[in-house]
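**Q** Here is the input, now give the coordinates:
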Amino acid sequence: MKVLNLRCAEDHGFEGWFASEDEFIAQTQSAAIACPLCGSTSIRRMPSAPRLNVARHAAPEADAAHGSANTTPTTTTMTLQSQWLRAVRHVMSSTEDVGDRFAEEARRIHYGEVEERGIRGRATSEDAEALREEGIAVMALPLPDALKGPIQ
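**A** Got it, this is the predicted structure:
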């Protein structure tokens with residue numbers, strides 16, 4: 001199993017697991033790999049250092065004692081991406097997908113015609129603005145194609 005550091009055209013970093021180098025190349029050429037944040041299939045492999053399991057008992061404790069943080073911009077970006085993905089997955093798992101009926105269903109909930117529940121779906125910008133004018137709170141949440149399927 002090969003674990004590779006990947007980056008999309010929008011500069012989002014993520015990890016990919018492949019059976020072999022040939023499998024990575026085949027999936028890249030067939031655009032089967034998509035960025036989990038934006039859905040871009042323009043993917044490139046990033047250099048990565050081998051991971052060595054070397055015991056370093058003194059260094060981490062010393063850093064913790066002095067309150068130093070070894071946070072790099074890449075680590076911060078990966079943390080933010082991970083938090084965003086976690087939030088999106090939470091929204092998707094705790095709401096009902098009503099598809100193109102979003103505006104209609106939001107109105108039915110708002111006016112008490114059906115039981116209140118969390119919904120998500122698709123609406124035009126005009127429909128979203130009309131809902132806001134009626135006092136119905138809506139929020140756009142662009143989703144990459146990778147997250148539109150079953151949640152794993």
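**Q** biggest helix in this protein, by residue count?
**A** When the chain is parsed with DSSP state H, its longest helix is helix 73-93.
**Q** and it, which residues are buried?
**A** Residues 81, 85, 88, 92 are the ones in helix 73-93 that count as buried (16 or more other Cβ atoms under 10 Å). C-beta here means a position set from N, CA and C on the backbone, and glycine is covered the same way.
**Q** Next up, the contacts around the first one.
**A** Contacts here follow Cβ atoms under 8 Å, 6 or more residues apart in numbering; on that basis residue 81 touches 12-14, 37.
**Q** now the helices for the protein?
**A** Under DSSP H, the chain gives helices at 21-29, 58-66, 73-93, 102-110, 125-133, 145-148.
**Q** weakest of these in terms of mean pLDDT?
**A** Lowest mean pLDDT within those: helix 58-66, at a mean of 46.
**Q** Quick check: chain neighbours aside, which residue is closest to the residue nearest the centre of the chain?
**A** Among the residues of the chain, the one closest to the centroid is residue 85, at 3.1 Å (Cα atoms, centre = their mean). In this structure, residue 85 finds its nearest non-sequential neighbour in residue 36, 6.2 Å apart by Cβ to Cβ, 6 or more residues apart in numbering.
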